[in-house]
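**Student:** Whatever this is, show me its structure:
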Amino acid sequence: MAEQMNDTDSFDICIIGAGVIGLAIAYALARKFEQQKLDILVLEQEASFGQHISSRNSEVIHAGIYYPANSLKAKLCVRGKELLYQHCEQFQVPYREIGKLIVGRENELEALLELQENAKNNGVFDLQLMDKAQTGKIEPALTADVALFSPSTGIIDSHSYMQSLLHLAQNRGVHFSPYSRVEGIAVKASGFLVRCLLDGAKNQEQYQFRCRHLINSAGLQAQSVANSIDAVPKEIIPALYYCKGDYFEYRSKNPFSHLVYPLPDPNTAGLGIHATMDLSSQLRFGPDSDYVSSLDYEVSADKAALFAEKIASYFPSITADKLKPAYAGIRPKLAGPGDPAADFMIQGYSEHHLPGLIQLFGIESPGLTASLAIAEKVAGSVIDL
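**Tutor:** Got it, this is the predicted structure:
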């Protein structure tokens, strides 16, 4: 467990949640206030960092294609992609700018062109339209009449990335406290009084401390943390919807050299069951999208046939027996079933009128890609120190 702290501890900034967003924010703030040598604390209820959304995704560096123009998702994805590639180069984080194909049939050409136009509105100008022959030349195993090629899409080792953020933050004096679950937060004239349960090595201990600034980056628990802050108006806390996505591993040689995505179905909460891979080229398919009522990461092998049926639209040689359950992730959506997709939500003083409080809700995909841009935006809001 992290270093022990006593009841009189006081911090300048407390960040709740050590997923990729919380760690990126910690690093950004540590850099910004390096000369002031502020006390910055990152709380995490799990045994280590990035145990939920941050480690249960496709590990894709997104280009910024799908999101509505001028949305936070669009702006922070495009900016975040640039920052993330720079970070990977500077700190030797494993990644590959592998590129991806968004594939379709002849009758889907117009939809692909609309997607290309949307990408341009987001500042993404490198998408290339390909016909059947061009697509088949670079991916012979694919069946597609038309495709959009995104050369700036990539894949990353998300664990190594988070490890680099934590290491860089700690080198600048940031304190990291795992096994630390927030139980209540009182707003005081000087900031916040945070009550925690420290639960390391089966030894539970109550602990409280003060902080001047509080950043709620708790991911799937962000609404729960918000509800624990005594002065936050309940009506500004958005509803939370758990959306589960399962992944299956391909138990044969990977036939692809790029990521492959179908056109997103407008009636689903995701981008469709796509082909992605890790840095060792292990192919996997997913995620699907199912709204669920609890955090359950089990993947049913019975889904293999349904996955194979959907994947066959672009990879006809797929068979269900080659699909093995891999892992699942849960996205903290702000839109329920059938609702229009929701944007990231970053709440500051103008929403809750509490000085020093920043809350992040609904940080799902492209949160990994956008992490450094989100951190840049949050760090820019912390000015009175």
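
**Student:** Would you map the helices across the stretch 251-385 of the chain?
**Tutor:** Assigned by DSSP state H, counting those that start in this stretch, the stretch 251-385 of the chain shows helices spanning 304-311, 349-352, 367-381.

**Student:** Would you point to the one among the ones you listed that's packed deepest?
**Tutor:** helix 367-381 (a mean of 23; mean count of other Cβ atoms under 10 Å). Quick note: C-beta positions are derived from backbone N, CA and C, even for glycine.

**Student:** Need the contact partners of that helix.
**Tutor:** With contact meaning Cβ atoms under 8 Å, 6 or more residues apart in numbering, helix 367-381 is reached by 20-21, 24-25, 27-29, 31-32, 53-54, 57, 59-62, 64, 73, 75-77, 79-81, 83-84, 87, 156, 158, 215, 344, 346, 348, 358, 360, 363.

**Student:** Of the helices of the stretch 251-385 of the chain, which is nearest Asn122?
**Tutor:** Across these, Asn122 has its closest neighbour in helix 367-381 (12.2 Å, Cβ to Cβ).

**Student:** Can you show me the CA trace of that closest one as PDB?
**Tutor:** Only the C-alpha atoms of helix 367-381 are listed here, as PDB (Å, rounded to 0.1, in the frame of the first residue of the first chain):
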ATOM      1  CA  GLY A 367     -11.100   8.400 -23.400                       C
ATOM      2  CA  LEU A 368      -7.800   6.500 -23.800                       C
ATOM      3  CA  THR A 369      -6.900   8.400 -26.900                       C
ATOM      4  CA  ALA A 370      -8.100  11.700 -25.400                       C
ATOM      5  CA  SER A 371      -6.500  11.200 -22.000                       C
ATOM      6  CA  LEU A 372      -3.600  13.700 -22.300                       C
ATOM      7  CA  ALA A 373      -5.900  16.300 -23.900                       C
ATOM      8  CA  ILE A 374      -8.500  15.800 -21.100                       C
ATOM      9  CA  ALA A 375      -5.700  16.200 -18.600                       C
ATOM     10  CA  GLU A 376      -4.500  19.400 -20.400                       C
ATOM     11  CA  LYS A 377      -8.000  20.800 -20.200                       C
ATOM     12  CA  VAL A 378      -8.400  20.000 -16.500                       C
ATOM     13  CA  ALA A 379      -5.000  21.200 -15.600                       C
ATOM     14  CA  GLY A 380      -5.800  24.500 -17.400                       C
ATOM     15  CA  SER A 381      -8.800  24.900 -15.100                       C
END
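
**Student:** Enumerate every residue touching the closest residue to Phe344 other than its chain neighbours.
**Tutor:** On the basis of Cβ to Cβ, 6 or more residues apart in numbering, the spatially nearest residue to Phe344 that is not a chain neighbour turns out to be Leu72, at 4.2 Å. With contact set as Cβ under 8 Å, 6+ apart, Leu72 has these partners: Asp343, Phe344, Ile346.

**Student:** and the first one, how many residues sit next to it?
**Tutor:** This points to Asp343. 17 (other Cβ atoms under 10 Å).

**Student:** quick revisit: any idea how far the residue nearest to Phe344 is from Ala133?
**Tutor:** According to Cβ to Cβ, to the nearest Å, Leu72 stands 39 Å off from Ala133.

**Student:** Likewise for Ser190?
**Tutor:** Separation of Ser190 from Ala133 (Cβ to Cβ) stands at 68 Å.

**Student:** before we move on, back to that, and Gln163, which of the helices of the stretch 251-385 of the chain is closest to it?
**Tutor:** From the helices of the stretch 251-385 of the chain, taking Cβ to Cβ, the stretch that ends up closest is helix 367-381, at 13.6 Å.

**Student:** sorry, back to before: and the contacts of helix 367-381, which of them are buried?
**Tutor:** Neighbour-count burial (16 or more other Cβ atoms under 10 Å) is assigned, among those, to 20-21, 24-25, 27-29, 32, 53-54, 57, 59-62, 64, 73, 75-77, 79-81, 83-84, 87, 156, 158, 215, 344, 346, 348, 358, 360, 363.

**Student:** Could you tell me which of these belong to strands?
**Tutor:** Val60, Ile61, Ile156, Ile215, Ile346, Ile358, Leu360 (DSSP state E).

**Student:** before we move on, the earlier item: mind putting the helices of the stretch 251-385 of the chain in TSV, mean pLDDT included?
**Tutor:** What follows is those, written out as TSV (pLDDT from 0 to 100):
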stretch	mean pLDDT
helix 304-311	97
helix 349-352	95
helix 367-381	97
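
**Student:** can the ones you listed go into CSV with extra columns for distance to Gly173?
**Tutor:** CSV is the format used below for the helices of the stretch 251-385 of the chain (distance: least, Cβ to Cβ, whole Å):
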stretch, distance to Gly173
helix 304-311, 46
helix 349-352, 26
helix 367-381, 15
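
**Student:** Quick one: closest of those to Ala119.
**Tutor:** Closest to Ala119 of the helices of the stretch 251-385 of the chain is helix 367-381 (Cβ to Cβ; 14.1 Å).

**Student:** what's the burial count for Gln221?
**Tutor:** The tally of other residues near Gln221 (other Cβ under 10 Å) stands at 20.
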